[in-house]
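J.: need a structure here:
(chains A and B)
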Amino acid sequence: MSRFPELQELMSGNGEFRNETEEEHPGLVEELAQGQHPKFAYLGCADSRVPETEVFGAEIGDLFVSRNVGNQFNIDDLSAETTISYAIAHLGVQHVIVMGHYGCGAVQAAIASESDEASTDIGEARIDTWIRPIRSLFKSSNHSHIVAFREAHADDETIAAPNRTEPAFRALVEENVKQQVRNLADDSSVLKVSLSSPSTELKRSSSSGEEPVELWLHGWVYDVDTGLVTDLGVSVGPSGSADSE
Amino acid sequence: MSIQREDLLRSILDANEVYASAFAQADPALLKKLAKGQSPRICWLGCSDSRVSAELSTGVAPGSIFVHRNVAQCFHEGDLSAAAALSYAVNVLQVEAIIVCGHTGCGGVKAAMMAAQDEKANGPATPANEHERIVSKWISPIKDLALTQLEANSSNGELRDHKHENGCSHGGAEYDCLSATALGELTDKHVAETVKAVAESQIVTEAWKEGRQLSVHGWVYHVATARLRDLDIGWKGVGIPADSLSRPGSFAGSETSEHLVASDDEA
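T.: Presented below is the predicted three-dimensional model:
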């Protein structure tokens, strides 16, 4: 690994992680080896700046995670669908947290004009297709900042990738999270839980015993400038009930 | 939402405040640098399993690893999510290494083995509900690998394991396909196949054609020991093996001196 000492560093880091975990949480690894019982499912961005477990001050075993470009949940995406379905139906998680982050490259690309390479380069085409829902959201959103941005650039031939401080960019990051929460609320696995009664076949019990657990969906955003997480206040619970804060 | 649930969420947000202030104090320069943009050198394809965090298990600082996670860390042909993530990592971020990291005790791998066991005995199954349909569709390629593994072990007449309650009988052979060893073998095989698929993807081969420094590696995280193992089946060019790290290459080599996970561990 002389050409890539960083990989060897990961292995050394692993050794330190094992020692630290045993010191700070003795027995945790052994306990988790018997099985996982996370209370949360997390749908976040693949971005390297948002290591969800650390950002939440959580431990291994706490979050069942789906991470993709732009923290998306689309009806035709089997990848995120499988993770969420498994978390809800098999692991009985109580909360699904969708978290986006300011400065998200996927959201930024959704605002900027499509590149010419998207039609010729297969890699670019993949990204372009993947972020299409965010692009649609940018074009249709009624959020005042986004509307203002669209109007300001209506006559521009091309729109450059916005700076992370651009209000419309920040707004779209938040609107994207809210959209994913709405998409999740319509998902079959989620609906089945919120509409289920004890008599249906999909019975979810808490890790302690038999009583059925509720499922709540939340939309949060991570600020890369401060490291702080904010709840967007769009939580949805059983039978579509909203959580008013 | 009950007070209890609110407290649960509140505790995460409180812990986040501690994280944020600790970060700002410990490394304000890094926080500022990362705010402007990310430049990770590594892309990680890992499992959704709550026990396997790329960042925690390797002790890296934020901004180091671009992470895509799904059930059983798959790179399926036609999966736009993984393709977009890989393309973003390789073409936009220009990462230098891709690590496919599997783990022991994987629920997806176990489900695939059980589906293979069932299919071998009873023919293709019909999913009982929507959840099963989704999961069985997702793990189908792993189930096919498991079928191959079962075939290879059933033609051998030796009694391989004494755990009869978990045995898969086909003819006279008793292969415990749900033993830690059997599932470990399937886990390793699945990681190897995924590494191969990533290395053979258009995204990676194009990068190599351009002369980019890029390697693909296969690792396994052992949940019983929190230890990472390099399977030593990586690539750094078309048909060019990647350098290995000094770790045991086989599952058996890693587990013999450690506590073996019970075969019915649930993921």
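
J.: backbone phi and psi for A:Val229, please?
T.: Main-chain dihedrals, A:Val229, degrees, to the nearest 10: phi -100, psi 140.

J.: Please read the previous query as pertaining to B:Val216.
T.: According to degrees, to the nearest 10, B:Val216 has phi -120, psi 130.

J.: Please apply the same query to the one 3 residues further on.
T.: Backbone geometry at B:Trp219, expressed as degrees, to the nearest 10, gives phi -120, psi 160.

J.: Just the element for the spatially closest residue to A:Ser115 that is not a sequence neighbour, please.
T.: For A:Ser115, ignoring the flanking residues on the chain, the nearest one in space by Cβ to Cβ, 6 or more residues apart in numbering or on different chains is A:Glu124 at 6.2 Å. (Glycine included, C-beta is placed from N, CA and C.) Using DSSP states H and E, the element containing A:Glu124 is helix A:122-130.

J.: Show me the contact partners of that helix.
T.: Residues outside helix A:122-130 that contact it (Cβ atoms under 8 Å, 6 or more residues apart in numbering or on different chains): A:69-70, A:72, A:106, A:109, A:114-115, A:117-119, B:80-81, B:83-84, B:87-88, B:90-92, B:202-203, B:206.

J.: Wait, B:Ser50 touches A:Phe64, no?
T.: Yes: with contact defined as Cβ atoms under 8 Å, B:Ser50 counts as touching A:Phe64 (4.8 Å).

J.: Which neighbours do these two have in common?
T.: Contacts common to B:Ser50 and A:Phe64, judged by Cβ under 8 Å, 6+ apart, are A:36, A:38.

J.: what's the pLDDT at the residue nearest to A:Ser115?
T.: A:Glu124 is assigned a predicted lDDT (pLDDT) of 86.

J.: cool, and B:Met1?
T.: 67.

J.: With A:Asp121 instead?
T.: 80.

J.: So what's the residue count around it?
T.: 18 (other Cβ atoms under 10 Å in any protein chain shown).

J.: Now do the residue nearest to A:Ser115: how many residues are near it, please.
T.: Neighbours of A:Glu124 using other Cβ under 10 Å come to 20.

J.: on that earlier part again, mind giving me the PyMOL command for buried ones among the contacts of helix A:122-130?
T.: Selection of buried members from the contacts of helix A:122-130 for PyMOL, criterion 16 or more other Cβ atoms under 10 Å in any protein chain shown:
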select buried, (chain A and resi 69+70+72+106+109+114) or (chain B and resi 80+81+83+84+87+88+90+91+92+203+206)
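
J.: Among the contacts of helix A:122-130, name the ones in strands.
T.: In strands, defined here by DSSP state E, there are no members of the contacts of helix A:122-130.

J.: Which parts of the stretch 151-267 of chain B are strands?
T.: Using DSSP state E, counting those that start in this stretch, the strands found in the stretch 151-267 of chain B span residues B:168-170, B:173-175, B:215-222, B:227-230, B:235-237, B:240-241.

J.: Partner strands of the last one, with direction?
T.: Note on strand B:240-241: by DSSP bridges, its sheet partners are strand B:235-237 (antiparallel).

J.: Next, the buried residues of the partner strand.
T.: The neighbour-count check on strand B:235-237 (16+ other Cβ under 10 Å) flags B:235-237 as buried.

J.: can you check stretch A:177-187 too?
T.: For stretch A:177-187, by 16+ other Cβ under 10 Å, it's A:177-181, A:183-185, A:187.

J.: again with stretch A:98-105
T.: Buried, per 16+ other Cβ under 10 Å, within stretch A:98-105: A:98-105.

J.: Rebuild the residues you listed as a markdown table, extending it with secondary structure, pLDDT and distance to A:His153.
T.: Below are these laid out as a markdown table (DSSP: H, G, I helix; E, B strand; the rest coil; pLDDT from 0 to 100; distance: Cβ to Cβ, whole Å):
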| residue | secondary structure | pLDDT | distance to A:His153 |
| --- | --- | --- | --- |
| A:Val98 | strand | 98 | 28 |
| A:Met99 | strand | 98 | 28 |
| A:Gly100 | strand | 98 | 22 |
| A:His101 | strand | 98 | 23 |
| A:Tyr102 | coil | 98 | 20 |
| A:Gly103 | coil | 98 | 20 |
| A:Cys104 | coil | 98 | 19 |
| A:Gly105 | helix | 97 | 19 |
